[in-house]
Structure formats: structure tokens, C-alpha cells
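Participant: using only what follows, build the 3D model:
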Amino acid sequence: MFRRPIALCLAASLLCLTAVSAARAAEPRVAVGDAGGLSGGASITGSVPAAHRMRLTIGMASRDPLGLRAFSQAVSTPGNPLYGRFLTVRQFARRYGASEAALRHVRAALRADGLTVLQTDADRLAILVSGPARTIERAFATRLAGVRAAPGRGAIIDTVAPTLPASLARDVEAVLGLSGPTEPQPDQLTARPAVGPIGPASRSRARPRSASAIPQPCAAANRAAAQLGSGQSSIASFGYTANTIAAAYDAPALYARGDLGQGQTVAVYEQESLNPADIATYQACYGTHAAVHIRDVDKPDPVDTGAGGDGEAALDVEQVISIAPRASIIVYAASQSDQDGNGALLSAIASQDAANVVSMSYGSCEAELGRAVIKYEAKLFEEMAAQGQSVFASTGDQGAESCSPPNGSSSALAVADPASQPTVTAVGGTSLYAGSPTAPVPWNGTQALTEGIWNSGSFQLHGESIGQATAGGLSSMWAMPRFQFSAAASLGVRNGYTSTGNCGAAACREVPDVSADADPSTGVATYAATGAGGSGGSSWSVAGGTSVSAPLWAGFAALTDALASCRGQSIGDPNPALYALAGRDYAAYFRDVDAPSPFTGDTTNDATGAHPGLYPVTPGYDLATGLGTPLVGNLAPALCALRAPVYTVTVVNPGTVRLRVHARASVLIRARDSGDVRLTYSARGLPAGLSIHPHTGRITGRPTRLGRYRVTILAKDFASNRGRVRFTLLVRARQRS
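Facilitator: Okay, the predicted model is just below:
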């Protein structure tokens, strides 16, 4: 292919675009995605109107994908020299984002195909575009179809895998927004029947003022939790208020230190609207004042506020507040009808890097989502790990069969994405109770506490049999990551099921990593819109599902990052550290989940009956509840001890340093870290013309002014240990020859 002179192209741009388009039309085309599949209950309704506008995310290929994967692992692994050396978004973009030339090339081609380029994200991994359906079909040589998705939502899927000319495809990893919106885990469907509308909290009740006091619930939340409902068995179910859940996981041990998550920001991923009034009522009940901000990624298309209930969004945000009541929360929101909600949300969370902790209660079974999308998502999650962001995702609520209805139509063993991503912490669910498995009672903070597996069995929904249980099993996409493969043998991570996966490796990624309360029959009191489309108004009720456990863990991470012993450092992707700590002293950091469900008697997470005996709870790690649930009072300080160990930094005083004005200078500042880790240097008070190298500690340059200077040198390591020294630097006149 030849290039036309620039001047000629400027004079006849239309002819140039036509020539370029014709040349590209002759190129072989390469798939940059997968044809969309139909989830259980969904059906094609017909073609898409030609003028229907859609927005897509063009996932750009990393310039160094292997380097990115290696770095994301190294920066997250205690003991690695790169541990904790997180990147800024700008550093990430320069090192691992697409090149500027690749971005220009792809943007120009997309415009030539008639698409509107909306923005390029700061990490250089995503270009957002929009255009009419017919233009999109031509640009990607695909065919779009309307779909009616159960329980009644409309969507659009590509019935033919999208392709691009080979010269473009090498720079594009995936096209997101052609396979229908990502369905949320159906946690609100698993909630036990609401106890009926309970009025909003009184705002006049006095609240504790102490920074270490546990926020206490109002009467309305207490009534919601106390009213017993009927679970999936004859045994009555019950609920918990936030203070009881916090106490169950020993969060008050951190509150007593004055740590309520202050100074930390949690990003919450949502594909539905959030009514701020619901969060205000919840916070009024507990006397908390967490700052909650909504960032709409649908612009110029607004989030569909008022079009549906906010049960999922309110539940997620409220659970973060329940554990970290003084953290800030950013709700990244997309419309329920947004085809590209998943890509736009993930890209925004990664490229803005505004939160150290991320909570996700959404996902799709791996088989339904498609390999191209999952592989591109992996780059965004690796970016988050590289930037020090901790991501917690719910494993889902279909037990060992994550592709079963309503997420799919298969009863095969499967797990869900993004929980199965190696740089995501997969959070499963438990049943929290006191008494015995055959006679459970609500835990009140004083009795012996038991956590069993959550498995509610199956029930009928819209004519389909729906299984409800904590999801877990083996990934079909990812090999077992090092933090699992090298885990202590005593944990049982490598077990009898390890070699039974179909990921193409001898051992596959195991899900979940950890768990927390999620059984709807031992659920949490939440304030949100109820009824179809929110028609029932907002009220207190008890909800469950792994949409409870994932944001709980996000709250635990926010408390950890806020601990003084973390010294302002994020723990980043915690998976390697969690498995390492569990191997050192399991009982100190985790509560083992090895009891049966108190409501069904089940000891496995087989929710549909298709795989009897899979996967059972066992001592230590298992494929139903992972490592177990956290003892945060011990776990958080231990994570900080790994992330920010206490070392001594010694800087040698060079004494009085004498230099000549305008003469070349070279002064080496010597320092040592007792942990034998690399130091970075900075200086204050240097005369004009001199600077210090941040990695070698050598002062170089040519001083331009005479005088006597008091210079301070600061040397610090990745864990914020630091040492300093002050010395005198004299700049004298040059000697006459």
C-alpha cells in the first residue's frame, strides 16, 4: 500500500478517504470479538433499525501484553522487588498502553467508516465511539439483531463475529458493546420475601460522636432484621444490621483504633441507577456521613434514573458504608439498557484511577461472555493491579453451575467472569448463624458464631428452575495463578478437583478466593426501591446474594488501607498476600467455613442437582467458600505489615560540601535501607543548577549562584520508611587561572 502526499490529501480529503477505504476493503479481515450468544430465556426479535445509535468501546491492544501480565503479578506479590511499586495512569499509558501512532491509525479508520470518536481514555487502552446500527454493521462486517432477554429486558447482539481489516486488527483486541448488556448477578431475586414496607429512619435520634464508636442502627433497620421470614425450608430465616455484620468479622477492633475507612475511596460498579435519597435514609439510620458521588459513564446518554429500582446499587453502596462508614464512594453508573456499559465502566474505573478499592456485583458466566471480551477485560484488571487498585467481584449465585438460568441455559460446571480473572479477588457467600445447623438462631454478638455454606437449593422463577447457592469451581479460561499453585499444602488449594478443569492447563484458576455472609436467609437489612421497576417505593427489607459479600470485602480493604500501619499505601491486588498469610497462620486470619447450610442441610454448592457432591466445604480452602471469611482485626494489620514493613533508612551525612560556581558537580549521597530495598531520593534547598537523581542519589549539574546553602536530603522506600540528613553546601567563586 502506498501513501499519498499530505498536501494532496488535504486538498482532496474525500478522495483520500475513499482510496484508503478501498485499500482496506481489499485486505483480509480478522475477528476482533465473538458472535453474541443467547442466555437462558432470551430470543431474537428481529433486525435492529438502521438509524438506532449505539456506543461501543474499542479495546486497544497493549504494546507489551506479556510485560503487563508479569508486572501486575510482580507488583502484587510480597517479597518481589517490585512489590508495591505501583504506577500512575500516565506511567501505565507510556509503558503498556497503545502507542500514539496506533491510536491515530485506529481513530482515523473508525472516522473513515462513518463512526464518531467520543474519547480516548487516558490509559490508551480504549477508544469510545458511537454510530448508527447500519454504519456499525458495515464497519465491523457484522449483523445485529434485537433480543428479548428474560425477564423482559431488551438487548442487541451481533449474530456474526465482528471483524476488522488485518492492518487495524493488530492494534485492536476487542469491540465491546455488541453482545448485549452484562447481566447483574440476580442477588435481589434471591432475597427472601420482604417483610413489608417499613418506614424510613427517624432523623432526630442522637448518634455516637466518638470516632471509634460502632454506628448503631435505627429502629426501622432493627425491625427489618428482626422480622422472621420463610427461607427455602421450614426453618425461619432472619437478617442482620450493619453493626452485627461488622462485629461478626471483627471490624470493631479497627474502629477502636479510630479507623473507619477515612481517607479511602471505593469505586462501585453499577449498571442501574442509584437513588441518592435511599442512601441518605440509610445513613440517617446509622448516623454515618460517607460521601457518595455518582459518575455517569453513559454521557451523552443519561443513566435511566427512575426507570427501575435501585435494589442492586443501593445494596452495594450500603454494604461498603456498613463496614467503612467514613470512606468515600464513587458510583460508576451506566444505564441498564447500555450495550457498552461493561466496557465503559471498567475502562473508566481503570483509566481514572480515582479509587484504591473496587467492588463489582455483576458478571456473566465465562462461556456466555466470549473469549475476546474476557481477554480484553484482563488487561484492564491487570492495569488496576499495576496501579494498586484492589478489585473484589461476587462469584454469583448459581452455585457450581454459573451458566444455569438466569445467567445462561447450561447446567454444566462453570464459573463467572470477572470473578475468575486472576487479578480479581473472587468473593463467595456463606450462611451466618448461631445455634446448631438443625436449629439455627440469629447471632447476637455473644454466642458462638458459625458460618456454613450458602445453598438454598432451587425454586421457580418465570417458569424456570433457578438454583441459588454460592458460586465456585474451576475456570475454563485461566490457568491456576502462582498464588494458588504455590499456596501452602496445608490449605488444600491444590486438591482432588484441581486436575479436572478444561482451561488448557494442568491446573486451572480456582474460584472463589474468600467469602462472607450472603445467604438471603441470613441476609442484611437494606433500604432501597422495591417492586417491579421500583413501583413499590423504597423501604427496608432483608437482601442476600454475593452482592452482599463482595462490597463487604471492599469495605474491609478500605479499612485496611486506612490503617496507620499501612502508612498511606494501598494493598493493591491482595490475592498473593491473602494466600501467603493463610499459609502462615490460617486460624489467625480466617474463619474456616466447613458447616452445612442450616436451612437445607447441603454441604456443597451444587444448586441445581446436576452435580451431586460438587463442590463440598472442607477444612481450609474449598471451591465453595475459598479461604473462608476474614478476621479483620488480625488480617488488616498483617496485610499492612506485608505492604508497609518497618525498615530503618540511614542516610550518611556528607559533611560540608564545597563546589565552584559554574563548574560541573558530582556528589553522591549514600543511604541504606535495613530491608535491602531500593530507595528514592529527593532534595530541598539545592542551589539553582543542581539536582539529585531520584534513584542513584547523586547530585549533579553546575551551580549558578554563589552562597551558603542548607540542603535536606530525603531517602524513602516503597513502604514509606524514610531517613533524612541536612548538610551545608558552599558554592564559591571559580579560581583564577
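Participant: any idea whether the nearest residue to Ala479 once chain neighbours are set aside is helix, strand or coil?
Facilitator: Of all residues not flanking Ala479 in the chain, Ala505 sits nearest, at 3.7 Å (C-beta to C-beta, 6 or more residues apart in numbering). Quick note: C-beta positions are derived from backbone N, CA and C, even for glycine. Using DSSP: H, G, I helix; E, B strand; the rest coil, the structure places Ala505 in coil.
Participant: is Ala505 in contact with Pro481, as I believe?
Facilitator: No - Ala505 lies out of contact with Pro481 (C-beta atoms under 8 Å); the separation is 10.7 Å.
Participant: who has more neighbours out of the two?
Facilitator: Set side by side, Ala505 and Pro481 show more neighbours around Pro481, with 20 against 14, by other C-beta atoms under 10 Å.
Participant: which residue packs closest to the more buried one, ignoring adjacent ones?
Facilitator: Closest residue in space to Pro481, ignoring its immediate chain neighbours: Pro422 at 4.3 Å, by C-beta to C-beta, 6+ apart.
Participant: sec struct for that neighbour, please.
Facilitator: Here Pro422 is recorded as coil under three-state DSSP.
Participant: how is Asn222 assigned, secondary-structure-wise?
Facilitator: Applying three-state DSSP: Asn222 is helix.
Participant: who's in contact with it?
Facilitator: Asn222 makes contacts with 241, 525, as judged by C-beta atoms under 8 Å, 6 or more residues apart in numbering.
Participant: and for Val677?
Facilitator: Neighbouring residues of Val677 by C-beta under 8 Å, 6+ apart: 81, 647, 717-719.
Participant: dump those to TSV, plus neighbour count.
Facilitator: Shown next, in TSV, are the contacts of Val677 (neighbours: other C-beta atoms under 10 Å):
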residue	neighbour count
Pro81	11
Tyr647	20
Asp717	22
Phe718	23
Ala719	23
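Participant: closest to Asp259 among those?
Facilitator: Set against Asp259, the nearest of those by C-beta to C-beta is Ala719 (18.5 Å).
Participant: shouldn't the closest one be in contact with Ser565?
Facilitator: No - using C-beta under 8 Å, Ala719 is not in contact with Ser565, being 10.1 Å away.
Participant: give me the common contacts of those two.
Facilitator: Both Ala719 and Ser565 are contacted by Ala644, under the criterion C-beta under 8 Å, 6+ apart.
Participant: pop the domain breakdown of this protein in here.
Facilitator: What automatic domain parsing lists as the domains of the chain is 28-62+97-176, 187-197+215-641, 649-732.
Participant: quick one: low-confidence residue ranges for the stretch 451-600 of the chain.
Facilitator: 460-463, 530-536 (pLDDT under 70).
Participant: apologies, that question was intended for the stretch 101-250 of the chain.
Facilitator: Ranges of the stretch 101-250 of the chain meeting pLDDT under 70: 149-153, 180-213, 228-236.
Participant: give me that answer again for 80
Facilitator: 148-155, 179-213, 227-236 (pLDDT under 80).
Participant: which parts of it are helices?
Facilitator: Assigned by DSSP state H, counting those that start in this stretch, the helices in the stretch 101-250 of the chain fall at 133-140, 166-169, 187-190, 219-226, 242-248.
Participant: give me the pLDDT for the spatially most central residue of the chain.
Facilitator: Geometric centre of the chain, nearest residue: Val391, 2.9 Å, by C-alpha atoms, centre = their mean. Looking at Val391, its pLDDT stands at 98.
Participant: surely it is in contact with Asn356?
Facilitator: No - counting by C-beta under 8 Å, Val391 stays clear of Asn356, with 10.4 Å between them.
Participant: circling back to that earlier point, doesn't the residue nearest to the centre of the chain lie inside a strand?
Facilitator: Yes - residue state for Val391 (three-state DSSP) corresponds to a strand.
Participant: against Tyr83, how distant is it?
Facilitator: Going from Val391 to Tyr83 by C-beta to C-beta, to the nearest Å gives 18 Å.
Participant: so which of the domains of the chain is nearest Thr88?
Facilitator: domain 187-197+215-641 (7.2 Å).
Participant: just name the most buried of the domains of the chain.
Facilitator: Scoring those by mean neighbour count under mean count of other C-beta atoms under 10 Å gives domain 187-197+215-641 as the most buried, with a mean of 23.
Participant: secondary structure element for Ser62?
Facilitator: Assigned by DSSP states H and E, Ser62 falls within no helix or strand.
Participant: err, Ala378, not the other one
Facilitator: Assigned by DSSP H and E, Ala378 falls in helix 371-386.
Participant: dump that helix to PDB, restricted to CA.
Facilitator: Presented in PDB, the C-alpha positions along helix 371-386 are these (Å, rounded to 0.1, in the frame of the first residue of the first chain):
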ATOM      1  CA  ARG A 371     -13.000 -15.100  24.900                       C
ATOM      2  CA  ALA A 372     -12.200 -11.800  23.200                       C
ATOM      3  CA  VAL A 373     -14.100  -9.700  25.800                       C
ATOM      4  CA  ILE A 374     -12.600 -11.700  28.700                       C
ATOM      5  CA  LYS A 375      -9.100 -11.300  27.400                       C
ATOM      6  CA  TYR A 376      -9.500  -7.600  26.900                       C
ATOM      7  CA  GLU A 377     -11.100  -7.200  30.400                       C
ATOM      8  CA  ALA A 378      -8.000  -8.900  31.700                       C
ATOM      9  CA  LYS A 379      -5.800  -6.000  30.500                       C
ATOM     10  CA  LEU A 380      -8.000  -3.600  32.400                       C
ATOM     11  CA  PHE A 381      -7.800  -5.700  35.600                       C
ATOM     12  CA  GLU A 382      -4.100  -6.100  35.200                       C
ATOM     13  CA  GLU A 383      -3.900  -2.300  34.800                       C
ATOM     14  CA  MET A 384      -5.800  -1.900  38.100                       C
ATOM     15  CA  ALA A 385      -3.400  -4.200  39.800                       C
ATOM     16  CA  ALA A 386      -0.400  -2.300  38.300                       C
END
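Participant: avg pLDDT for it?
Facilitator: On average, the pLDDT along helix 371-386 is 95.
Participant: same deal with stretch 412-421?
Facilitator: The average pLDDT within stretch 412-421 is 95.
Participant: what comes into contact with that stretch?
Facilitator: Contacts of stretch 412-421 (C-beta under 8 Å, 6+ apart): 185, 360, 363-367, 369, 374, 377-378, 381, 391, 393-396, 400-403, 407-408, 424, 426-427, 471-478, 509, 511-512, 610-611, 614.
Participant: 6 Å - rerun?
Facilitator: 363, 365-367, 369, 374, 378, 381, 393, 395-396, 400, 402-403, 424, 426, 473, 475, 509, 511 (C-beta atoms under 6 Å, 6 or more residues apart in numbering).
Participant: next one: it to chain centre, how far?
Facilitator: How far stretch 412-421 lies from its chain's middle: 15 Å, per C-alpha atoms, centre = their mean, to the nearest Å.
Participant: quick one: end-to-end length of that stretch, please.
Facilitator: By C-alpha to C-alpha, to the nearest Å, the extent of stretch 412-421 from end to end equals 20 Å.
Participant: could you do stretch 677-685 as well?
Facilitator: Stretch 677-685: ends 26 Å apart by C-alpha to C-alpha.
Participant: Ala280 in helix, strand or coil?
Facilitator: helix.
Participant: going forward, the N-terminal residue is numbered 438.
Facilitator: Happy to do that; since the first residue is 438 now, the last one works out to Ala717.
Participant: in CSV, list the helices of the stretch 538-687 of the chain along with distance to Leu1105.
Facilitator: Shown next, in CSV, are those (distance: least, C-beta to C-beta, whole Å):
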stretch, distance to Leu1105
helix 570-577, 58
helix 603-606, 50
helix 624-627, 59
helix 656-663, 63
helix 679-685, 52
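Participant: so which of the ones you listed is nearest Trp977?
Facilitator: Nearest of those to Trp977, taken as C-beta to C-beta: helix 656-663 at 3.8 Å.
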